[in-house]
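>>> this one's sequence-less:
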């Protein structure tokens, strides 16, 4: 079975500071990993995804994530946070073998202070 | 970017009632997946429809059922509503079983 753990429920960061959100996954084979963002009252928007190849992937809005197989992690980072980055962030794992039916973590809420 | 629309946006029902939620997929997409997002939780996979056939189901009881129409729009039906069914229900469409999902804004269901 596939599962995702996001250890941080809530993170507060100052505008302009760096941000890192943690994600650990459990999956028997090579996982397909995703980060989504959800603003209040909105659906989920895909930030980035990892399938194979380069373990550092770039996404939209200046986000990047690094896949570390040895640590079963897929942490999301942004060098300089903007107030508009305040939202909830979800890490998800899927597999081509089950047609990408995603398992999501419980999410991390990011608050940006001025 | 997303062209997925869900209706209604909000809904209030009482325990034991039945509800139908609707989803129009993005143009050209033939796969629809439904997710339940309880308060403070991540979305949980309910089921997926591909070309009008159910293509996988999560750990939800049979009172959760679905349908996909020839135009690839979809319905989620929940019978005998329970208080724990209160959640945001998200629909996502994709092309085939492509990994890129486009999510709608969801239907917020409250069961009293």
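Arrived safely, thanks for sending. Every value quoted in this text rests on a predicted model; they were computed, and no experiment measured them. Numbers count the residues shown, from 1 in each chain, chains lettered A, B, ... in the order given.
>>> For the rest of this, base every contact and every neighbour count on C-alpha atoms.
Noted.
>>> Report the secondary structure state of the residue sitting nearest the centre point of chain B.
Centroid-nearest residue in chain B, with Cα atoms, centre = their mean: residue B:34, separated by 3.4 Å. At residue B:34 the chain is in strand, as set by DSSP: H, G, I helix; E, B strand; the rest coil.
>>> which element is the nearest residue to it once chain neighbours are set aside on?
When the adjacent residues along the chain are set aside, residue B:34 lies closest to residue B:91, with 4.6 Å between them (Cα to Cα, 6 or more residues apart in numbering or on different chains). Using DSSP states H and E, the element containing residue B:91 is strand B:87-94.
>>> Partner strands of that strand and their direction?
Strand B:87-94 sits in its sheet next to strand B:31-37 (antiparallel), strand B:102-103 (antiparallel), strand B:107-111 (antiparallel), going by DSSP bridges.
>>> What helix or strand is residue B:26 located in?
Using DSSP H and E, residue B:26 falls outside every helix and strand.
>>> Next, count neighbours for it.
Using other Cα atoms under 10 Å in any protein chain shown, residue B:26 has 23 neighbouring residues.
>>> pLDDT score for it?
Predicted confidence (pLDDT) for residue B:26: 89.
>>> That one reaches residue B:4, doesn't it?
Yes - taking Cα atoms under 8 Å as the definition, residue B:26 is a contact partner of residue B:4 at 4.9 Å.
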